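Student: could you look at this predicted model? Sequence included:
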Amino acid sequence: MGSFIIIIVTMITIGILKYLHINLLNRKIEWIFNLSLAIICLIIVHYAIGYILALSLKIQNFIHNVEHKNLKVDFILIYFLISSYLTVALIFPKEFTNHVYIGLIGMILCYYLNVKTLITLIANPSNIKSIKKEDNGYSRIIIASILILIMLIINLYLIVCLVNGLEQGAFLNANNKFDLFYYTVITFTTIGYGDIIPITVLAKITSMLISVTSVVCLSVFLSSMLSYKDELSKD
């Protein structure tokens, strides 16, 4: 992980210096300004990566402390698949779209594990209990719910990206990756605004998958978590 971060910081530094190279040749005042800007950018990148690593470490600790063995394994696999695919999609977008079938297999497997995790927690929310007894408050259920929700949305977003890569123009008016992310979130949280439209069969199936997942996640799953809270309050 450390070497990976060093490589990223080095690549960003080289990119900034190359960008500044043209302006550094002629104007001294602009040179000072650009150098200051480069230093500020490096500081921002440094702290941003630090916060990402800290958050990642907390998520890994949370998953590692899950008492239910099967649920822990599912969580680890989901987190590994999503973090790996998302990293490739962000850093190597061309390679991500060039291996659509491999990507779809991985993301469909990830979706299956996400649904399996949902069903496990709906059946018995206490399965998320920690091996550390002092960490078994209701806040752990809330963290687990938020974590599953975020992983599901990212999972569905990556599927949408892969479908759009497999069939160019599968989503009408979606001009970039952010438009696809916007479409995924809007479809997941509402019925959609209709500004981005799935026009191929596979895109429509993906949209239905997002809608059905939204109903299960936001209604059945969250209501199960709230009912478990009531049980804890009575105890």
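Tutor: Great, that's in hand. Numbering: from 1, shown residues only.

Student: and for Thr213, the neighbour number?
Tutor: Around Thr213 there are 21 other residues, counting by other Cβ atoms under 10 Å. All C-beta spots, glycine's among them, are computed from the backbone N, C-alpha and C.

Student: pull out the buried positions in the host helix or strand of it.
Tutor: Assessed by DSSP states H and E, Thr213 sits inside helix 201-215. By neighbour count with 16 or more other Cβ atoms under 10 Å, helix 201-215 contains the buried residues 202-203, 206-207, 209-210, 213-214.

Student: contacts for it next, please.
Tutor: Defining contact as Cβ atoms under 8 Å, 6 or more residues apart in numbering, one finds that helix 201-215 is touched by 111, 115, 152, 156, 159-160, 163-164, 166-167, 170-171, 184, 187-189, 191-192, 198.

Student: check stretch 84-93 too.
Tutor: Taking Cβ under 8 Å, 6+ apart as the rule, stretch 84-93 contacts 95-96, 103, 106-107, 110, 154, 158, 161, 177.

Student: which one of those residues is nearest Lys69?
Tutor: For those, the residue nearest Lys69 by Cβ to Cβ is Cys110; the value is 19.5 Å.

Student: I figured Ile159 hits Tyr111, correct?
Tutor: Yes - Ile159 is within contact range of Tyr111, at 7.0 Å (criterion: Cβ atoms under 8 Å).

Student: what about these two, which has more around it?
Tutor: More crowded of Ile159 and Tyr111, by other Cβ under 10 Å: Ile159, with 22 against 19.

Student: can you give me the neighbour number for Phe75?
Tutor: 25.

Student: in which helix or strand does it reside?
Tutor: Residue-wise, Phe75 maps onto helix 69-91 under DSSP H and E.

Student: quick check: closest non-adjacent residue to Gly165.
Tutor: Thr97 (3.7 Å; Cβ to Cβ, 6 or more residues apart in numbering).

Student: list the contacts for that neighbour?
Tutor: Counted by Cβ under 8 Å, 6+ apart, Thr97 has contacts 161-162, 165.
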